[in-house]
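Trainee: Let me see the structure of the following:
(one chain, ligands or ions: 1)
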Amino acid sequence: MERFDVAVIGGGIVGLSTAYHLAQRGVGRIVLLEKEDELAAHQTGRNSGVIHSGIYYKPGSLKAINCVSGRSELVDFCEREDLPFDMCGKVIVATDEEEEARLQIIFERGQANGVACSWLSGGALKEYEPHVRGRCAVHVEDAGIADYGAVSRRIGQRSVELGVDVRKGHAVLNLKPEQDGVIVNTDRGDITAGLVVNCAGLHSDRIARMGGVEPGLRIVPFRGHYHKLAPEAEHLCRTLIYPVPNPAYPFLGVHFTRMVRGGVECGPNALLAFAREGYRIPQVSIKDMSDYLAYSGFRRLMRDHWKQGVHEFACAVSRSRYVRELQKLIPAVRKEHLLPAPSGIRAQAVMPDGSMADDFLILERPRQIHVCNAPSPAATAGLRIGSTIADRVTASQAA
Ligand SMILES: Cc1cc2nc3c(=O)[nH]c(=O)nc-3n(C[C@H](O)[C@H](O)[C@H](O)COP(=O)(O)OP(=O)(O)OC[C@H]3O[C@@H](n4cnc5c(N)ncnc54)[C@H](O)[C@@H]3O)c2cc1C
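Mentor: Numbering: from 1, shown residues only. Next up is the predicted model:
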């Protein structure tokens, strides 16, 4: 059986960046196993493409720390590798008094996290985004856009050059922990590894359980549907326009995003998905659905948040309602401006008490590391998360 020092599971930005940083530190033989024939086929290649500033996150949280430093690493990487990015800035817009109070808290968090941002009156907002209606806003200079699929593929290429064995089309089916390593059972045969790093996104909880590790949570898939603005409406959005998020949820609300390769997208909503990789609405996986329906944490989540669930469903099935959401920010948007665009699915960890895990979660066990919750802003923070994991591995090897 082939033996590796480290097997990384998952070819999204977190797994790729982990393998890249491990290889840079000379951590022996590394293999990266990705079940799809392409890298970045799931969350990493199906997101809003926003470089987050770190303004939203609780100071001191893993999200705040990794987003702020990860953003700088990402920008440096894009510059060095000549990949497209644009630190175009963004506005977060309050439309009423209640949102203004919540925006004030976000503004203070941004300042505590060292994010370059400034408070705008409704009039000053018009200078940045003339078509937006708002009572006031925060302008965030440290935000931008990138192509995370391209970034990830380049990290993969650099990893291969550093000696990482990147194996696409290799699905991990099981893990068998042994005395001196872990046997990794894939659909193309078995390998052994001294250490397994699980960066499997939507399937990370299942991979942890395969290794005999109970992560104490379950991944629940939340679909995010996007629309593209028709070319004649693209002028309505200059940069990135966000609402004030509802603090009860880890999602940022439907926003307008200028894409780094051109065009403007709006979305994503946050609708419970019927399959972990069910990108089209009718796609159903009995296995995935029974997984969450049988979970008491999910039932508690539904009991506490069913009204929001109904609202999201109504906006998803009715274009008029979706447009009304968008018109809160840009009144000139019309139904006929919305063209279809691909959707993404978030891997959201739900805890047994029904709460949605707010921070990144990385579990360490002997010979296993499991990244169990890496939702937004983990694309922005991906390079940083990878280097943090690599540091932990080299520190434990040295001990
Ligand atoms: C709709 C949406 C919008 C978002 N917007 C933003 C944004 O603008 N900015 C931002 O910073 N973040 C954003 N995010 C979050 C960000 O995309 C994710 O946090 C990040 O991509 C997570 O990367 P990952 O590598 O952990 O997961 P993924 O990209 O999902 O990668 C996991 C990989 O593991 C593989 N895998 C799974 N199971 C197995 C197995 N058994 N064997 C082998 N391989 C396996 C999968 O095929 C997949 O390629 C968004 C996410 C979504 C869904």
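Trainee: got the residue ranges for the strands in the stretch 201-350 of the chain?
Mentor: Taking DSSP state E, counting those that start in this stretch as the criterion, the stretch 201-350 of the chain carries its strands at 218-224, 227-229, 240-243, 255-258, 264-267, 271-272, 338-340, 344-350.
Trainee: any idea which of these scores lowest on pLDDT?
Mentor: Per-stretch mean pLDDT for those is lowest at strand 271-272 (a mean of 91).
Trainee: in its sheet, what does that one sit against?
Mentor: Strand pairing for strand 271-272, determined by DSSP bridges: strand 218-224 (antiparallel).
Trainee: The strand it pairs with vs the ligand: in contact?
Mentor: Yes: contact of strand 218-224 with the ligand is found when judged by Cβ under 6 Å from any ligand atom, involving Gly224. The C-beta positions use only the backbone N, C-alpha and C, and glycine is treated the same way.
Trainee: Need the contact partners of that strand.
Mentor: With Cβ atoms under 8 Å, 6 or more residues apart in numbering as the contact definition, strand 218-224 has outside contacts at 202-206, 251, 267-273, 275-279, 281, 288, 291-292, 295, 297-298, 301, 343-350.
Trainee: The lowest-mean-pLDDT helix or strand in the chain packs against which elements?
Mentor: For the chain, using mean pLDDT, DSSP states H and E, the weakest element among its helices and strands is helix 296-317, scoring a mean of 88. Applying 3 or more Cβ pairs under 8 Å, 6 or more residues apart in numbering; DSSP states H and E, we find helix 296-317 packed against strand 218-224, strand 271-272, helix 319-327, strand 344-350.
Trainee: Format these as a markdown table; extra columns: distance to Cys136.
Mentor: Listed next are the helices and strands packed on helix 296-317 as a markdown table, based on distance: least, Cβ to Cβ, whole Å:
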| stretch | distance to Cys136 |
| --- | --- |
| strand 218-224 | 27 |
| strand 271-272 | 30 |
| helix 319-327 | 19 |
| strand 344-350 | 29 |
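Trainee: now the ones you listed in TSV, with mean neighbour count?
Mentor: Output for these, formatted as TSV (neighbours: other Cβ atoms under 10 Å):
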stretch	mean neighbour count
strand 218-224	23
strand 271-272	18
helix 319-327	16
strand 344-350	22
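Trainee: and the closest residue to His131 other than its chain neighbours, how far is that from the ligand?
Mentor: Nearest residue to His131, sequence neighbours excluded (Cβ to Cβ, 6 or more residues apart in numbering): Leu236, at 4.5 Å. Applying Cβ to the nearest ligand atom, to the nearest Å, the value for Leu236 to the ligand is 20 Å.
Trainee: Please list all residues in contact with Leu236.
Mentor: Listed by Cβ under 8 Å, 6+ apart, the contact set of Leu236 reads 131, 229, 256, 264, 330, 332-333.
Trainee: quick one on the thing from earlier: which one of the helices and strands packed on helix 296-317 lies closest to Lys58?
Mentor: Lys58 lies closest, by Cβ to Cβ, to one member of the helices and strands packed on helix 296-317: strand 344-350, at 16.6 Å.
Trainee: The next helix or strand after the closest one: partners in the sheet, and parallel or antiparallel?
Mentor: With elements assigned by DSSP states H and E, the helix or strand that comes after strand 344-350 is strand 361-365. In the sheet, strand 361-365 lines up against strand 368-373 (antiparallel) (DSSP bridges).
Trainee: The strand it pairs with - what's its average pLDDT?
Mentor: The average pLDDT for strand 368-373 rounds to 96.
Trainee: Repeat that for stretch 117-135.
Mentor: Here the average pLDDT along stretch 117-135 is 96.
Trainee: quick one, which of the helices and strands packed on helix 296-317 is nearest to Leu32?
Mentor: Of these, nearest to Leu32 by Cβ to Cβ is strand 344-350, at 18.5 Å.
Trainee: Show me what the closest one is packed up against.
Mentor: On a contact count with 3+ Cβ pairs under 8 Å, 6+ apart, strand 344-350 meets strand 218-224, helix 296-317, strand 368-373.
Trainee: Let me have these in CSV, adding distance to Ile30 as columns.
Mentor: What follows is the helices and strands packed on strand 344-350, written out as CSV (distance: least, Cβ to Cβ, whole Å):
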stretch, distance to Ile30
strand 218-224, 25
helix 296-317, 34
strand 368-373, 13
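Trainee: So which of the ones you listed is nearest Val197?
Mentor: Taking Cβ to Cβ, strand 368-373 is the member of the helices and strands packed on strand 344-350 nearest to Val197, at 4.7 Å.
Trainee: Put the alpha carbons of the closest one into PDB.
Mentor: Taking Å, rounded to 0.1, in the frame of the first residue of the first chain, the C-alpha atoms of strand 368-373 are listed here in PDB:
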ATOM      1  CA  GLN A 368      -6.400  13.500  12.300                       C
ATOM      2  CA  ILE A 369      -7.400  17.200  11.800                       C
ATOM      3  CA  HIS A 370     -11.000  17.900  10.800                       C
ATOM      4  CA  VAL A 371     -12.100  21.300   9.400                       C
ATOM      5  CA  CYS A 372     -15.700  21.000  10.500                       C
ATOM      6  CA  ASN A 373     -17.100  24.500   9.900                       C
END
